[in-house]
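Visitor: Structure here, sequence nowhere to be found:
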C-alpha cells in the first residue's frame, strides 16, 4: 500500500466528517436527536453490509467486549453527546472543540497502545490546532451545556478510537465498523421510538422534502458508513496519533461549508488558519511510519 494512498484516504474521511457537521445541523431542524442518530447508524449498517456481502467474520469471545465498547461508547454515547453539542453550541463551535481529538487520541495511544509521540508530531498538532482557533475561535459561543457535551464526546470518542486501533489489527476493520454500527443502531432504536411517542412527531415522516431525504441518505451512507470505514481502515495502517493529526481538516471543511450552506461567517482568518493547518499536518507527517495491513473495498 502506497503511503500517499493512505493519506488520501484519511483526507477523504475527514472531508466527509467535516460535511457531517453541516448536514447534521440541517437535519436536526427536522428530526429529534435520537431518531436521527438511529437512522444514521442503521443506514450505515445497511451500507456496510452491502460492502462486505458474502464475507463472514467470527469474533473471538474475549474480543467481543471491544466491539461492544466501540459500538456503545464510541458510536452511541459519544455521538449522542456530539449531536447535543452541535444543537446547543452550533456546528462551528462543536467542530472547534472536536479539534481537541488529536491531542486526546495521541495521549490515549501513548498510554494504552504504547505508541511513541515525537516532538515533531506534537508540534505539528499544536500548530494545526492554533490554525483551527484562527478559523473558528472568533465564532465560539453557544450554551455552556453544548460545550460540556462536546468535550465529553471528544474524550469518549478518543478512547474508542484506540480500541478500534487495537481490535482492527486482528479483524477486518470494515466488518468491525459494521458490527459496531449495528450495535449503536440497536441502542438508539428504543430511545428513538420513545422520542416519537412523547413528541408526537410521526407526521415528520410524510412532511419532509425530497432534498431533506437526500441529505439524510448522504448523512447515513456517506458521512457515517463510508467515512467511518475509511477511518477504521486507516487506523490499521498507521499509528493512531498519526491518523489523528489529520483531524484539523474536519473543522476547516465544517467552517467552509457552514459558511456556504448555513451562512456562518468566516473572514481573512480562515485563510491564515488554513495555511497553519496545512503546515501542521505536513510537519506531523515528517517522519515516515510503518504501514500495517491493507484492505481494499
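Guide: Noted; the coordinates are in hand. The shown structure was predicted, so the numbers you read here are calculated from the model rather than taken from an experiment.
Visitor: What is the longest helix of this structure by residue count?
Guide: Of all the segments of type helix in the chain, defined by DSSP state H, the longest one is helix 173-199.
Visitor: Report the distance from that helix to the chain centre.
Guide: What separates the centre of helix 173-199 from the centre of its chain is 16 Å, taken as C-alpha atoms, centre = their mean, to the nearest Å.
Visitor: Give me the helices and strands touching it, please.
Guide: For helix 173-199, the elements it packs on are helix 33-51, helix 64-69, helix 144-167, helix 227-237, judged by 3 or more C-beta pairs under 8 Å, 6 or more residues apart in numbering; DSSP states H and E. Every residue, glycine included, has its C-beta placed from N, CA and C.
Visitor: rerun at 10 Å
Guide: helix 33-51, helix 64-69, helix 78-89, helix 144-167, helix 227-237 (3 or more C-beta pairs under 10 Å, 6 or more residues apart in numbering; DSSP states H and E).
Visitor: Which residue is the nearest non-sequential neighbour of residue 236?
Guide: When the adjacent residues along the chain are set aside, residue 236 lies closest to residue 168, with 4.7 Å between them (C-beta to C-beta, 6 or more residues apart in numbering).
Visitor: Would you mind measuring from the one you found to residue 208?
Guide: For residue 168, the distance to residue 208 equals 36 Å [C-beta to C-beta, to the nearest Å].
Visitor: what's the answer for residue 122, then?
Guide: Residue 122 is 46 Å from residue 208, by C-beta to C-beta.
Visitor: that older thread, run the angle between the longest helix of the chain and helix 33-51 for me.
Guide: When axes from the mean of the first three to the mean of the last three C-alpha atoms, to 10 degrees is applied, the directions of helix 173-199 and helix 33-51 differ by 150 degrees.
Visitor: Number of residues surrounding the residue lying closest to residue 184 once chain neighbours are set aside?
Guide: Nearest residue to residue 184, sequence neighbours excluded (C-beta to C-beta, 6+ apart): residue 75, at 3.6 Å. Residue 75 has 27 neighbours, counted by other C-beta atoms under 10 Å.
Visitor: Got the phi and psi for the residue nearest to residue 236?
Guide: In this entry, residue 168 is assigned phi and psi values of phi -80, psi -10 (degrees, to the nearest 10).
Visitor: residues in contact with it?
Guide: Applying C-beta atoms under 10 Å, 6 or more residues apart in numbering, one finds that residue 168 lies in contact with 66, 70, 174-177, 232-237, 292-293, 295.
Visitor: Mind checking which of these are buried?
Guide: Neighbour-count burial (16 or more other C-beta atoms under 10 Å) applied to the contacts of residue 168 gives 66, 70, 174-177, 232-237, 292.
Visitor: Quick check: nearest residue in space to residue 158, chain neighbours excluded?
Guide: On the basis of C-beta to C-beta, 6+ apart, the spatially nearest residue to residue 158 that is not a chain neighbour turns out to be residue 104, at 3.9 Å.
Visitor: Would you confirm that the one you found contacts residue 129?
Guide: No: if you go by C-beta atoms under 10 Å, residue 104 and residue 129 don't touch, sitting 11.5 Å apart.
Visitor: Which is the succeeding secondary structure element to the helix-or-strand element of the chain with minimal mean pLDDT?
Guide: Taking mean pLDDT, DSSP states H and E as the measure, the chain has helix 91-98 as its least confident helix or strand, at a mean of 65. With elements assigned by DSSP states H and E, the helix or strand that comes after helix 91-98 is helix 101-112.
Visitor: Looks like residue 239 contacts residue 161 (just checking).
Guide: No: when contacts are counted by C-beta under 10 Å, residue 239 is not listed as touching residue 161 (11.5 Å).
Visitor: Next, show the common contact partners of these two.
Guide: Overlap between the neighbourhoods of residue 239 and residue 161 consists of residue 109, taking contacts as C-beta under 10 Å, 6+ apart.
Visitor: Looking at those two, which has the bigger crowd around it?
Guide: In this comparison of residue 239 against residue 161, neighbours counted by other C-beta under 10 Å, the higher total goes to residue 161 at 24 against 20.
Visitor: Out of the contacts of residue 168, flag the one nearest to residue 149.
Guide: Each of the contacts of residue 168 was scored against residue 149 by C-beta to C-beta, and residue 70 proved nearest at 20.1 Å.
Visitor: okay, now the closest residue to that closest one other than its chain neighbours: neighbour count?
Guide: Residue nearest to residue 70 in three dimensions, not counting chain neighbours: residue 180, with 4.3 Å by C-beta to C-beta, 6+ apart. Burial of residue 180, expressed as a neighbour count using other C-beta under 10 Å, amounts to 31.
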